[in-house]
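Colleague: predicted model follows, preceded by the sequence.
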Amino acid sequence: MSDRKSWNGLREEALDHPEAQASYDAARIRFELGRAVRERREELGMTQTQLARAAGLQQPAVARFEAGGTMPTLPLLERLATALGMRLQVGFEPLERAG
């Protein structure tokens, strides 16, 4: 019999550590924000370069953001929201409702 664990088992074991859970949560937030910006940009038919110009950024910064590679500041999110014709909304929700 093998002592090998499944990927899900290893993941759950790793996430039992508070530092790992915090890193996982930060990565999830970066990914979700990047996906939301990419989807809205594509909805508007904008390129990354066009969004970058409108937000006062460089195209590689938009690419990194959309890929979840950077944790943005609130001022950056406000600039992106404005460039995408949106209003930034920040809030809290109970953990039992969070997905």
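Modeller: Perfect, thanks for sending it.

Colleague: output the below-cut-off pLDDT ranges for this protein.
Modeller: 1-3, 98-99 (pLDDT under 70).

Colleague: swap the cut-off to 90 and go again
Modeller: In the predicted model of the chain, residues 1-26, 93, 95-99 satisfy pLDDT under 90.

Colleague: check contacts around the spatially most central residue of the chain.
Modeller: Geometric centre of the chain, nearest residue: residue 30, 2.3 Å, by Cα atoms, centre = their mean. Contacts were defined as Cβ atoms under 8 Å, 6 or more residues apart in numbering; by that measure residue 30 touches 68, 69, 70, 71. In short, each C-beta sits where N, CA and C put it, glycine included.

Colleague: which strand or helix spans it?
Modeller: helix 18-43 (DSSP states H and E).

Colleague: report the buried residues of that helix.
Modeller: In terms of neighbour count (16 or more other Cβ atoms under 10 Å), helix 18-43 has its buried residues at 30, 33, 34, 37, 38, 40, 41.

Colleague: wait, the fifth one sits on residue 68?
Modeller: Okay, so that is residue 38. No. Under the criterion of Cβ atoms under 8 Å, residue 38 makes no contact with residue 68, lying 9.9 Å away.

Colleague: what's around residue 68, how many residues?
Modeller: A count of nearby residues for residue 68, using other Cβ atoms under 10 Å, gives 18.

Colleague: export the buried residues of helix 18-43 to TSV and tack on distance to residue 11?
Modeller: Converted to TSV, the buried residues of helix 18-43 look like this (distance: Cβ to Cβ, whole Å):
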residue	distance to residue 11
30	18
33	22
34	21
37	27
38	25
40	30
41	31
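
Colleague: look up how far residue 4 lies from residue 27.
Modeller: As defined by Cβ to Cβ, to the nearest Å, residue 27 lies at a distance of 26 Å from residue 4.

Colleague: where do the helices sit along the protein?
Modeller: For the chain, applying DSSP state H gives helices covering 7-15, 18-43, 48-55, 59-66, 74-83.

Colleague: so can I have JSON lines of those helices showing distance to residue 89?
Modeller: JSON lines is the format used below for the helices of the chain (distance: least, Cβ to Cβ, whole Å):
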{"stretch": "helix 7-15", "distance to residue 89": "29"}
{"stretch": "helix 18-43", "distance to residue 89": "11"}
{"stretch": "helix 48-55", "distance to residue 89": "18"}
{"stretch": "helix 59-66", "distance to residue 89": "18"}
{"stretch": "helix 74-83", "distance to residue 89": "9"}
